[in-house]
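# Generate a structure from the sequence data that follows.
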Amino acid sequence: MLLKNAFIYIDGSFKSSDLYIINETEWIIGEDLSSIKCNQIIDLSKKYIVPGLVDVHVHLREPGFEYKETILTGSESAKAGGFTSICAMPNVTPSPDDIDNIRLIQDIVDKDACINVYQYSCITEGRLGQNLVDVSKLKDFVIGFSDDGNPVSSDLIMKKMIEQSAMHDVLIAAHCEDFSYEDPRMSEYMNIKRDIELLKNTDTSCRYHVCHVSSKKSIELIRQAKKDGISVTCETAPHYLVFTKEDVISENFKMNPPLGDKEDKEALIQAVCDGTIDIIATDHAPHTYEDKLAGAMGVIGMETSFSSMYTYLVKTGIIKLEKLIELMSVNPSCIFRIPKYSDFTVLDLDAENTVKSDGFLSLGRNTPFEGMTLNGRVIKTICKGKIVWEYTQ
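Predicted structure coming up:
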């Protein structure tokens, strides 16, 4: 496959070039590759090619909750959003806390997924916060360890996990929430503070990552920890960078942690700009309409992620497109050590689209972006050298 005349992201900047994809792991980029004989030639004048987008925080709901989402529909939603790799959180049933359950999920991925899907293991058995999983046995089969949806409340268990992370070089993706605080911002802050103190006191360096950071106080804490030389990375989600609690008009604006105030949003945007926030991840959390009415927390995000961030961060001049690609592809690939394939996302930055959830490939419809007009569109998603999705009007 030869993609011609595009602006291609190369080493942190865009250059007018051609891209020749040889196979699922090899490709060539050059200014003019017209001499290459190829059966499939696609002219992408005025379009942009970036490394495949990566979402490190996705809830695919299978096994156990297939009425909300499946590995098939979730991966289809991802490809429509330009994602070639996603990391699936462990709050499914049975829990991915032993090798048999992880193999069960991997069999479904191998059968149904249309992009690269990487599974998390739980940190504790059943995500109950009591007994640490056998990290040594699971580490080669998962992308990282998380009890997302639940915090690890026990200091002792988290200390042991940090030690295991350092020993086996595995990533911890921490859902930070301290139930002894009613204020969600303090709840998030105090749990992150606990973990940073544990990292200091254990005198060890591990791959510690904070999920869905939502508040000013938490960001200030993480920024200082980085300055102090502590190994910590973090993510936030598009909804925290666009909306505040003043925007809540329906159940589709409710998630955990909840939207903050204007100061929280501004602090998160500043943290994106100064590098405190390493990754933008969706925390894609599909629910049925009935479950949302009953109080289920979470919103979907993969099919609006790039367009919303391009609209509200790049078009507004807050960051450059190159920075957005770092946050949505380069950094997550590096931090999570995503395997390198011939994965690319093709963008039409001149396109506009109005969000209509009834056209989503996800089973979920719980988006806060419903009816909004966004700029920039994913027009092709290429995974392992093959076009797995393309936009058709």
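# What average pLDDT does the lengthiest helix in the chain get?
Using DSSP state H to define each element, the chain has its longest helix at helix 184-201. This predicted structure assigns helix 184-201 an average pLDDT of 96.
# Other residues contacting that helix?
151, 155, 158-159, 162, 174, 176-181, 206, 208, 210, 213-218, 221-222, 225, 230-232, 256-258, 260, 264 (Cβ atoms under 8 Å, 6 or more residues apart in numbering). Bear in mind the C-beta positions are built from the backbone N, C-alpha and C, glycine included.
# how far does that helix sit from the chain's center?
Mean C-alpha position of helix 184-201 versus that of the full chain (Cα atoms, centre = their mean, to the nearest Å) differs by 22 Å.
# ok, and what's touching the helix or strand just after it?
Past helix 184-201, further along toward the C-terminus, the next helix or strand under DSSP states H and E is strand 207-210. Contact with strand 207-210 is made by 144, 162, 165, 169-174, 176, 192, 195, 199, 218, 222, 231-235, 335, as judged by Cβ under 8 Å, 6+ apart.
# any idea how far the residue of the chain positioned farthest from its centre lies from residue 149?
If you look at how far each residue of the chain sits from its centre, by Cα atoms, centre = their mean, the farthest one is residue 35, at 38.2 Å. Residue 35 is 53 Å from residue 149, where distance means Cβ to Cβ, to the nearest Å.
# Over to residue 302?
In this view, residue 302 and residue 149 are 18 Å apart by Cβ to Cβ.
# When these two are compared, which one has more neighbours?
Taking other Cβ atoms under 10 Å, residue 302 and residue 149 do not tie; residue 302 has more neighbours (28 against 17).
# Nearest residue to the more buried one in space, ignoring adjacent ones along the chain?
Spatial nearest neighbour of residue 302, chain neighbours left out: residue 81 (4.0 Å); criterion: Cβ to Cβ, 6 or more residues apart in numbering.
# wait, that neighbour sits on residue 303?
Yes: with contact defined as Cβ atoms under 8 Å, residue 81 reaches residue 303; the gap is 4.6 Å.
# And the strand or helix carrying residue 100, how far out from the chain middle?
Assignment of secondary structure by DSSP H and E places residue 100 within helix 99-112. Here the centre of helix 99-112 is set off from its chain's centre by 21 Å, with Cα atoms, centre = their mean.
# average pLDDT across the next helix or strand after it?
Using DSSP H and E, the helix or strand that directly follows helix 99-112 along the chain is strand 116-121. The pLDDT scores in strand 116-121 average 98.
# between strand 116-121 and helix 99-112, how big is the angle?
If you take axes from the mean of the first three to the mean of the last three Cα atoms, to 10 degrees, strand 116-121 sits at 160 degrees to helix 99-112.
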